[in-house]
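Asks: My questions are about this predicted structure, shown below with the sequence.
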Amino acid sequence: MLGVLLLAFSVVSVASAELCKPDAQNAFKVRLSIKTALGDNAYAWDANEEYLFRAMMAFAMRRYSSKSTTQISNVLLCNVTDRVSFWFVVTDSSKNTTTVPGSEVEAAIRMNRNRINSAFLLSDKTLQFLKISTTLAPPVEPSTPVWLIVFGVVLSLIVAGIVFLVVAGIQQRKKKNKESTERENLEEKGEVTITIENGIPCEALDLKAGHVNGVFAADDERFTSL
Amino acid sequence: MDVPPEVPKEDGRPKWDNKFQYILSCIGFAVGLGNVWRFPYLCQTHGGGAFLIPYFIALIFEGIPLLHLELALGQCLRKGSISAWHTISPYLGGVGVASWTVSILVSLYYNTILTWVMWYFINSFQEPLPWSICPLNENRTGLNEECYESTAVNYFWYRKTLNITPDVTDSGTLQWWLVLCLAACWAIVYLCTIRGIETTGKAIYVTAIFPYVVLTIFLIHGLSLPGATEGLAYLFTPNLNILKNPRVWLDAATQIFFSLSLAFGGLIAFSSYNPSKNDCEKDAVTVAVVNSITSLYASIPIFSVLGFKAITGYWDCLDRNIISVINEYDLPEQSITRQSYTDWITFLNSSNPEKLAGLKLKSCDLQEFLDQSVSGSGLAFIVFTQAVILMPGSQAWAILFFVMLFSLGLSSMFGNIEGVFTPLLELQVISKSIPKELLSGIICLVSFLFALCFTLGSGSYWIDIFDSYAGSLPLLVIAFFEVIGVAYVYNIKRFSEDVKWMTGRKLNVYWQITWRFISPLLLLIIFVAFVTLQIQKTPSYAAWNPKYEHFPMKEQKVYPCWVQAICVLLAALPCVLVPLVALIHLIKRMCRSKDPSLVPPEMFSCQEVKKRNILSACK
């Protein structure tokens, strides 16, 4: 009885060793960078963590194919290193000797990547499936570019400043014009009050007759020109 | 008759609100983008601390004398550059016209650089910063190819900002976002220069002082960053052997010259608004010394940040190598640290060299990262922006940095615009019919329309052309004629009397010697050396061509003939104006000599100008 059990066990382990080895068909390499992701809160990678990994893989396969037949025992891990990297394969639940095609496993993982990452508190970068490239998230773009808003603010401030200065300049000029016309008016009035000769206001005098003396007018030609 | 106690506003000339405003305007004009992005680079490539020796020699024998000359000239004659030089001698009127032309040409492209700064500023409000990530390509399978092959920062600068064409002859289209920013920049310039120094005098308090505040903040932050000491050591480690290279002396002399913004006519315009009795000698020394100290002060945070960037790059390189090794050999995480990296490598190399060679590890050398320094727009828009991404709170640092650059450039623009504005105001034709606000508006509008060519796809190539040809050689020629004109045509003795009257003390022998002999000689030597160096190499440029086989290296291309012709035109036009105006005046004189009733204008010293102004006020 014991011998049969031992034989069965060795057959299974030999078979699994053949199915799961580095660069085997349908095998994937996984690399975890726990210390990089979590720093001081990093957990150690032990058999329990491996069990969780196998459970997550089985969960992913179940969700993807909805066959609900994949068991945790179908997920085989091997070559675990200190880096924390290892290889795994998923065996077919009906026949333990063949592995599930790599494309199916890949699709299952892609579909559930988020769940797998959060189970280990890691991200796409720190939990790497080496053959599966990450899909890039589309960039978030707001409807109006932010720079246009800032530009609008800046430009409106500038235009407000220019308008203010120009209007102030025009008002100042108007005030100056008004002041100078007022001053002119005052000076005119001043002239009118001053110009009274000998008690007779100038307007009453015939200015031409009073100023031009006919006697001297003819002598003008005798003066030498300057 | 009542004579007002203080001097001329009777001659209608505006004046500074106080002396501090004037000094600040001169400092703001002199301190510009070059102090931040050219001096540190020169210092570092030309032997670090040793570069300060030719720099200070050039300052003492070239910078300060020329600065004093311009300030004294403007203050004495109380006129803008064109009228001032016409007053000195009608044959030298061309010097004023030449400096007016250079001011126009430089204003055109300088404000476009400010446009780029403004574009980066308004993009700094996003999270994450747009130059930190590469966009996806069209079918979302990977990153944009051009961005992936170069870096995200390069991509944002060359594609998203400039949308640069691969060749200078390929003009491309107007980049609408740059046109918007250009309009905003010219609107800001109009807002500040709308009434000449009345408005720039108020604006300068902010634009001249703010950069110092930001530089201090960056200094404190930069010194606290890792790698700052490496960067500073790299900058200041003196290499005295470099002084044997004449190129170093030439660069020091040209740097001082262009840094002080001499020969633009802007300084003459600024000092023409001063009261005549003002100590221009002290002002000149103050402005020159502050300018040089600012250059030194700015290089400290710049190189701290560059050191930080270098060491971060070095650490990244090491980390990538470490990850490769750990993954390949399946060693536990964090088993190889940066310090133990070299030991591990030698150990692994001795045990299994082929496996290690198969990893193709990149050699990480800190010196190589430090050597990647750059000057000019590359420093601000590529290198510094990359460093800013690495700092926590990068938006705030980016905003501060770009506002600082904008203030630095804006205060220099004030000087440039004043160099254009003041001579125009003095033309009788214009001053009577057009109000100041309209004149400045016309200048800004016309400049904006011309500057639209710099917003084309090939715009940045054209800016390089303008910077190398219009903003360099003509200034040397103009400055040479300025010194010769004052020392020999106007006569140094008369000028000494004028300066003595203005400052109240006799002119020091130092000024006499430098104005008469040393400065003209130095300028001549620099001019000849400059031209010789330019002629020796065919004018070429580095084009950004994504289809180039060695992309992301830039492709070296030669300028086609018509572009070279434009380069020569830009350099020669202002210089040719000097003899041209003299010739025109000579012809006028000969025509006039046939008509005896017209008396040629006499040459008068600034004391007589002052007397005339007072007499005209007393009428």
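Replies: Sure, I can see it.
Asks: where in the chain is pLDDT low?
Replies: Chain wasn't specified; assuming chain A. A:8-17, A:67-68, A:135-143, A:189-226 (pLDDT under 70).
Asks: Oops, wrong one, chain B.
Replies: B:1-11, B:140, B:373, B:431, B:594-619.
Asks: Centre of it to the edge, which residue is at the far end?
Replies: Distance from the C-alpha centroid of chain B, by C-alpha atoms, centre = their mean, peaks at residue B:351 (56.5 Å).
Asks: Distance of it relative to residue B:344?
Replies: Look at residue B:351 and residue B:344: by C-beta to C-beta, to the nearest Å, they are 11 Å apart. In short, each C-beta sits where N, CA and C put it, glycine included.
Asks: Then residue A:64?
Replies: 41 Å.
Asks: try residue B:192
Replies: 60 Å.
Asks: How about residue B:21?
Replies: On the measure of C-beta to C-beta, residue B:21 and residue B:344 end up 63 Å apart.
Asks: Those two: who's more crowded?
Replies: residue B:21 (20 against 17; other C-beta atoms under 10 Å in any protein chain shown).
Asks: isn't the more buried one right next to residue B:203, touching?
Replies: No. If you go by C-beta atoms under 8 Å, residue B:21 and residue B:203 don't touch, sitting 10.3 Å apart.
Asks: got any residues that touch both of the two?
Replies: Counting by C-beta atoms under 8 Å, 6 or more residues apart in numbering or on different chains, residue B:21 and residue B:203 have no contacts in common.
Asks: neighbours around residue B:343, how many?
Replies: 11.
Asks: so it is in which element?
Replies: Residue B:343 is part of helix B:341-351, with elements assigned from DSSP states H and E.
Asks: Enumerate the residues of chain A near chain B.
Replies: A:31, A:33-36, A:81-85, A:136, A:138-139, A:146-147, A:150-151, A:154-155, A:158-159, A:161-162, A:165-166, A:169, A:173 (C-beta under 8 Å from any C-beta of the partner chain).
Asks: related to what we said a few turns ago, other SSEs contacting the very next helix or strand once past the helix holding residue B:343?
Replies: Using DSSP H and E, the helix or strand that follows helix B:341-351 in sequence is helix B:353-358. Contacts defined by 3 or more C-beta pairs under 8 Å, 6 or more residues apart in numbering or on different chains; DSSP states H and E place helix B:353-358 against helix B:280-329, helix B:341-351.
Asks: can you put those in TSV and add distance to chain A?
Replies: Output for these, formatted as TSV (distance: least, C-beta to the nearest C-beta, whole Å):
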stretch	distance to chain A
helix B:280-329	6
helix B:341-351	14
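Asks: Kindly provide the distance from the nearest residue to residue B:523 once chain neighbours are set aside to residue B:522.
Replies: Residue nearest to residue B:523 in three dimensions, not counting chain neighbours: residue B:480, with 4.4 Å by C-beta to C-beta, 6 or more residues apart in numbering or on different chains. To residue B:522, residue B:480 is 10 Å away according to C-beta to C-beta.
Asks: Over to residue A:75?
Replies: From residue A:75 to residue B:522 the distance is 82 Å (C-beta to C-beta).
Asks: Restricted to helices, list the residues of chain A next to chain B.
Replies: Counting by DSSP state H, those place A:34-36, A:146-147, A:150-151, A:154-155, A:158-159, A:161-162, A:165-166, A:169, A:173 in helices.
Asks: Dump stretch A:109-118 to PDB, keeping only the CA atoms.
Replies: The C-alpha coordinates for stretch A:109-118 follow below in PDB (Å, rounded to 0.1, in the frame of the first residue of the first chain):
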ATOM      1  CA  ILE A 109      -4.400  36.900 -16.400                       C
ATOM      2  CA  ARG A 110      -5.000  40.000 -18.400                       C
ATOM      3  CA  MET A 111      -8.700  39.900 -17.500                       C
ATOM      4  CA  ASN A 112      -8.000  39.700 -13.800                       C
ATOM      5  CA  ARG A 113      -4.800  41.600 -13.500                       C
ATOM      6  CA  ASN A 114      -6.100  44.100 -11.100                       C
ATOM      7  CA  ARG A 115      -7.500  41.500  -8.700                       C
ATOM      8  CA  ILE A 116      -4.200  39.600  -8.800                       C
ATOM      9  CA  ASN A 117      -2.200  42.700  -8.200                       C
ATOM     10  CA  SER A 118      -4.300  43.800  -5.200                       C
END
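Asks: and residue B:541, what helix or strand is that in?
Replies: Here residue B:541 is assigned to strand B:540-543, by DSSP H and E.
Asks: Mind giving me the packing neighbours of that strand?
Replies: With 3+ C-beta pairs under 8 Å, 6+ apart as the test, strand B:540-543 has helix B:459-465, strand B:555-558 packed against it.
Asks: Nice, that's everything, thank you.
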